[in-house]
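J.: Structure of the sequence below:
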Amino acid sequence: MEPGENIDPEIFGTFEAQLMEKSMNLKDKIDLLHLPNHVAIIMDGNGRWAKMRKRPRTFGHRNGVKSVRETSEAAAELGIPYLTLYAFSTENWSRPKYEIDALMHLLLQTINQETATLNKNNIKLNAIGNLDSLPQNIFKSLMKAIEDTSDNDRMTLTLALSYSSRWEITEAVKKIVADVKQQNVDPSHIDQSFVSNYFTTSNIPDPELLIRTSGEQRISNFLLWQIAYAELYFTDVLWPDFRKNNLYEAIIDFQSRERRFGKISEQIKVENS
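T.: Below is the predicted model of the structure:
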């Protein structure tokens, strides 16, 4: 159904009511005492969603903004402290210029329009990635939005922009080597915790749940170090169609899993008893 098409209000109202009822039923199944502390999402499928409607890829990107808003609000309502969205990868710079320009325009527009909504919902904005590679006007607007929401403490929403995990790891290695050369660091003191402090995610916990939409089952260079023990959830839903229901389903699936961290089930049962 495209915007502007004639819709029978009674049918549409019934459909909306059914969706709301399903959301409430799913939400009731969630154990609010055992939520993932950090959910990360690879938002995939905008282009295919648009192609199915015989529209340009940018149409899918624009419609994906609603999914960002609804997912962020749903996560905050549940009480999830951290949500990270893979918005633009370093590899995305190789896309056609017209699509990059449209994405950058949409990003700027979204930042400017959604800051008030973030403040209304007490959500702090954060960003990771090679932010210096962003157009200057977008970088300035992003920094302003981050500053304007810095006092919010209900949830931290992180946008991964011009981000790739290999880039992040490479940059961390460079910084560590430089500190070792300057004798600020004793190599014998380098451990996993030490390395993590050099990542752009050093101020947020590692994700416990990673969601990827559109049916693809790969990580695509996203948070490779940080998701070492994350639960992976793949859904066929294309990102512009992703709604609260879909987030609830992912969390319910997450809560059905036994997280062992290399241990065996019997050990986990003893620790939880």
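
J.: make it CA atoms for all contacts and neighbour counts henceforth
T.: Will do.

J.: number of nearby residues for residue 170?
T.: The number of residues packed near residue 170 is 12, by other C-alpha atoms under 10 Å.

J.: Dihedrals phi and psi, it?
T.: Here is the backbone geometry of residue 170 (degrees, to the nearest 10): phi -60, psi -40.

J.: Check the secondary structure at residue 32 for me.
T.: Under the three-state scheme (DSSP: H, G, I helix; E, B strand; the rest coil), residue 32 adopts coil.

J.: Residue 77 is in contact with that one, correct?
T.: No. Counting by C-alpha atoms under 8 Å, residue 77 is not a contact partner of residue 32; they are 10.6 Å apart.

J.: Could you name every residue contacting both of those two?
T.: Counting by C-alpha atoms under 8 Å, 6 or more residues apart in numbering, residue 32 and residue 77 have no contacts in common.

J.: Count the residues that sit near residue 191.
T.: When neighbours are counted by other C-alpha under 10 Å, residue 191 registers 9.

J.: quick one, what contacts residue 64?
T.: Residues counted as contacts of residue 64 (C-alpha under 8 Å, 6+ apart) are 46, 239, 240, 241.

J.: pretty sure the third one is touching residue 58, no?
T.: What it means is residue 240. No. The criterion here is C-alpha under 8 Å, and residue 240 misses it with residue 58 at 11.7 Å.

J.: ok, these two, which is more surrounded?
T.: Counted by other C-alpha under 10 Å, residue 240 and residue 58 do not tie: residue 240 has more neighbours, with 26 against 19.

J.: what's the closest non-adjacent residue to that one?
T.: Closest residue to residue 240 apart from its sequence neighbours, by C-alpha to C-alpha, 6 or more residues apart in numbering: residue 64 at 4.2 Å.

J.: So for the helix or strand harbouring that neighbour, could I get the coordinates as CSV, restricted to C-alpha?
T.: According to DSSP states H and E, residue 64 maps onto helix 57-78. Below are the C-alpha coordinates for helix 57-78, written out as CSV (Å, rounded to 0.1, in the frame of the first residue of the first chain):
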residue,chain,number,x,y,z
ARG,A,57,16.2,2.9,-3.4
THR,A,58,16.0,6.3,-1.7
PHE,A,59,12.3,5.7,-1.2
GLY,A,60,13.2,2.7,1.0
HIS,A,61,15.7,4.7,3.0
ARG,A,62,13.2,7.4,3.7
ASN,A,63,10.6,4.9,4.9
GLY,A,64,13.2,3.2,7.1
VAL,A,65,13.3,6.3,9.3
LYS,A,66,9.9,5.4,10.8
SER,A,67,11.4,2.0,11.8
VAL,A,68,14.3,3.8,13.5
ARG,A,69,11.9,6.0,15.4
GLU,A,70,9.5,3.2,16.4
THR,A,71,12.3,0.7,17.4
SER,A,72,14.1,3.3,19.5
GLU,A,73,10.9,4.3,21.3
ALA,A,74,10.0,0.6,21.9
ALA,A,75,13.4,-0.2,23.3
ALA,A,76,13.3,2.8,25.6
GLU,A,77,9.8,1.8,26.8
LEU,A,78,10.9,-1.7,27.6
